[in-house]
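# using only what follows, build the 3D model:
(chains A and B)
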Amino acid sequence: DGGITQSPKYLFRKEGQNVTLSCEQNLNHDAMYWYRQDPGQGLRLIYYSQIVNDFQKGDIAEGYSVSREKKESFPLTVTSAQKNPTAFYLCASSTSAKRQGSEQFFGPGTRLTVL
Amino acid sequence: SQQGEEDPQALSIQEGENATMNCSYKTSINNLQWYRQNSGRGLVHLILIRSNEREKHSGRLRVTLDTSKKSSSLLITASRAADTASYFCATDARQNMLTFGGGTRLMVKP
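Sure, this is the predicted structure:
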């Protein structure tokens, strides 16, 4: 099956801990994205990557970090600097961030709760 | 702040009725996309309309775009209970960096 997988589905974090959310795609897409969704809200862009070994901050990057060492993987680390990390995190990919009109394909999401 | 804003925030209709959702945005765009999200799941792409297009159809979906008014609408005809979901518009104004609205929560009662 082709698609995007995210793990874990649910994640609990104690205050002060860093946690890493996994995102893997086998669609051979160049671009990958991380979004945050709060209850009843739309999606906000955290980070995006147009190509391996390159990534850019989105609208709400503070308290988050990413890496893109492989084309198929784009892990997101939620650091202790993120003051309100409880949210639903969605990863997405598209064929190319430079080609206009690309739809984004989404993973099933990770729900992070800070205890 | 979000580029797109959907209206209404929530919509409840009977099966078989049509559902219309509206999206307004603020800046010039390359294209506008509509996505669907079932509760607690990822988003699924429904349709994309480019800035030089005025109307587009896909099955029971009809999307219109009015760039002079900076607005779009999504019409779902002959709705089904399975259409119950949240629907988001997303504007592409920054080279495939999508900006999402707050969504419309649609409930279709059987």
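# now do the closest residue in space to B:Arg105 that isn't next to it in sequence against B:Ala85, distance only.
Excluding the flanking residues, the one nearest B:Arg105 by CB to CB, 6 or more residues apart in numbering or on different chains is B:Ala10, at 4.6 Å. For every residue, glycine as well, the C-beta is placed using N, CA and C. Look at B:Ala10 and B:Ala85: by CB to CB, to the nearest Å, they are 12 Å apart.
# which neighbours do the two have in common?
Common neighbours of B:Ala10 and B:Ala85 (criterion: CB atoms under 8 Å, 6 or more residues apart in numbering or on different chains): B:Leu106.
# which one of the two has more residues nearby?
Neighbour comparison, B:Ala10 and B:Ala85: the larger count goes to B:Ala85, with 20 against 11 (by other CB atoms under 10 Å in any protein chain shown).
# so the more buried one versus B:Ser39, what's the distance?
Between B:Ala85 and B:Ser39 the computed distance is 8 Å (CB to CB).
# and for B:Ala81?
14 Å.
# equivalent analysis for B:Tyr25, please.
Per CB to CB, B:Tyr25 is found 25 Å from B:Ser39.
# between those two, which one's more packed in?
For B:Tyr25 versus B:Ser39, neighbours defined as other CB under 10 Å are more numerous around B:Tyr25 (22 against 8).
# what's around B:Asn52, how many residues?
As a burial measure, B:Asn52 scores 9 neighbours (other CB under 10 Å).
# wait, is it part of a helix?
No: counting by DSSP: H, G, I helix; E, B strand; the rest coil, B:Asn52 is not part of a helix but coil.
# in chain A, which residue is most central in space?
Nearest to the mean C-alpha position of chain A, by CA atoms, centre = their mean, lies A:Trp34 at 2.7 Å.
# is the helix or strand where that residue lies positioned near chain B?
For A:Trp34, the host element (DSSP states H and E) is strand A:31-37. Yes: judged by CB under 8 Å from any CB of the partner chain, strand A:31-37 comes into contact with chain B at A:31, A:35.
# quick one: that strand to chain centroid distance?
Strand A:31-37 sits 4 Å away from the centroid of its parent chain (CA atoms, centre = their mean, to the nearest Å).
# show me what secondary structure element comes after that strand.
Once the chain leaves strand A:31-37, the next helix or strand it forms, by DSSP H and E, is strand A:43-51.
# and the angle from that next one to strand A:31-37?
Here strand A:43-51 runs at an angle of 160 degrees relative to strand A:31-37 (axes from the mean of the first three to the mean of the last three CA atoms, to 10 degrees).
# wait, a helix at B:Ala82?
Yes: under three-state DSSP, B:Ala82 sits within a helix.
# up against chain A, what does chain B have?
So chain B meets chain A at B:2, B:4, B:30-31, B:33, B:35, B:40-45, B:48, B:50, B:88, B:90, B:92, B:95-103 (CB under 8 Å from any CB).
# still on that earlier bit, any idea how far chain B is from the residue nearest to the centre of chain A?
Separation of A:Trp34 from chain B (CB to the nearest CB, to the nearest Å): 12 Å.
# I'd say that residue and A:Ala87 touch.
No: here A:Trp34 lies out of contact with A:Ala87, judged by CB atoms under 8 Å, at a distance of 11.2 Å.
# where do the strands sit along chain A?
For chain A, the strands defined by DSSP state E occupy A:4-7, A:10-13, A:19-25, A:31-37, A:43-51, A:54-57, A:64-66, A:76-78, A:87-94, A:105-106, A:110-114.
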